[in-house]
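[1] Provided below for reference: sequence and predicted model.
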Amino acid sequence: MINISIDIKSDFIETIKLSGHAESNEKGKDLICCSISTLTISLINALTEIAKANIKAEVSEGFTLIEIDEQEKNKRLKSDILTKSFMLSVKGIEEENPEFIKLNITEE
């Protein structure tokens, strides 16, 4: 199962943590895992290249951690659009495949 934790503080996503594997099919044919991986790498690239956000990203086999630092308002708004788009996409995949993905959203 893929466990995804999203921490929101003051209406902004600050941390995204993913761990595990969907195991919905054999390695290389697992479309759920591929979908989440693609969304995650696209998010990291967009945050750094489009939003020019200050992020810390740790990526390893079966684990990803993205931390978005406090930043100026313009960058923060771009980051917010990108991260909330990611969250909506993951929610959609979870709704269709609840046996393979667990999304936990924490708001402060």
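    Cool, got the structure.
[2] please enumerate the helices of this protein.
    31-49, 73-96 (DSSP state H).
[3] residue 4: which of those is closest?
    helix 73-96 (5.8 Å; Cβ to Cβ). All C-beta spots, glycine's among them, are computed from the backbone N, C-alpha and C.
[4] what's the offset of the closest one from the middle of its chain?
    8 Å (Cα atoms, centre = their mean, to the nearest Å).
[5] what angle separates that helix from helix 31-49?
    Using axes from the mean of the first three to the mean of the last three Cα atoms, to 10 degrees, the inter-axis angle of helix 73-96 relative to helix 31-49 is 180 degrees.
[6] okay, buried residues for helix 73-96 please.
    Residues of helix 73-96 classed as buried: 75-76, 78-80, 82-83, 86-87, 89-90, 93-94 (neighbour count, 16 or more other Cβ atoms under 10 Å).
[7] put the alpha carbons of it into PDB.
    Output in PDB follows, covering the C-alpha atoms of helix 73-96 (Å, rounded to 0.1, in the frame of the first residue of the first chain):
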ATOM      1  CA  LYS A  73       4.200  35.500  -1.500                       C
ATOM      2  CA  ASN A  74       4.500  35.100  -5.300                       C
ATOM      3  CA  LYS A  75       6.500  31.800  -5.000                       C
ATOM      4  CA  ARG A  76       4.100  30.600  -2.200                       C
ATOM      5  CA  LEU A  77       1.100  31.100  -4.400                       C
ATOM      6  CA  LYS A  78       2.600  29.200  -7.300                       C
ATOM      7  CA  SER A  79       3.700  26.400  -4.900                       C
ATOM      8  CA  ASP A  80       0.200  26.300  -3.400                       C
ATOM      9  CA  ILE A  81      -1.400  25.800  -6.800                       C
ATOM     10  CA  LEU A  82       1.000  23.000  -7.700                       C
ATOM     11  CA  THR A  83       0.800  21.100  -4.400                       C
ATOM     12  CA  LYS A  84      -3.000  21.400  -4.200                       C
ATOM     13  CA  SER A  85      -3.300  20.100  -7.800                       C
ATOM     14  CA  PHE A  86      -1.100  17.200  -6.700                       C
ATOM     15  CA  MET A  87      -3.400  16.600  -3.700                       C
ATOM     16  CA  LEU A  88      -6.500  16.600  -5.900                       C
ATOM     17  CA  SER A  89      -4.900  14.100  -8.300                       C
ATOM     18  CA  VAL A  90      -3.900  11.800  -5.500                       C
ATOM     19  CA  LYS A  91      -7.400  12.000  -4.000                       C
ATOM     20  CA  GLY A  92      -8.900  10.900  -7.300                       C
ATOM     21  CA  ILE A  93      -6.600   7.900  -7.600                       C
ATOM     22  CA  GLU A  94      -7.300   7.000  -3.900                       C
ATOM     23  CA  GLU A  95     -11.100   7.100  -4.500                       C
ATOM     24  CA  GLU A  96     -10.800   4.700  -7.400                       C
END
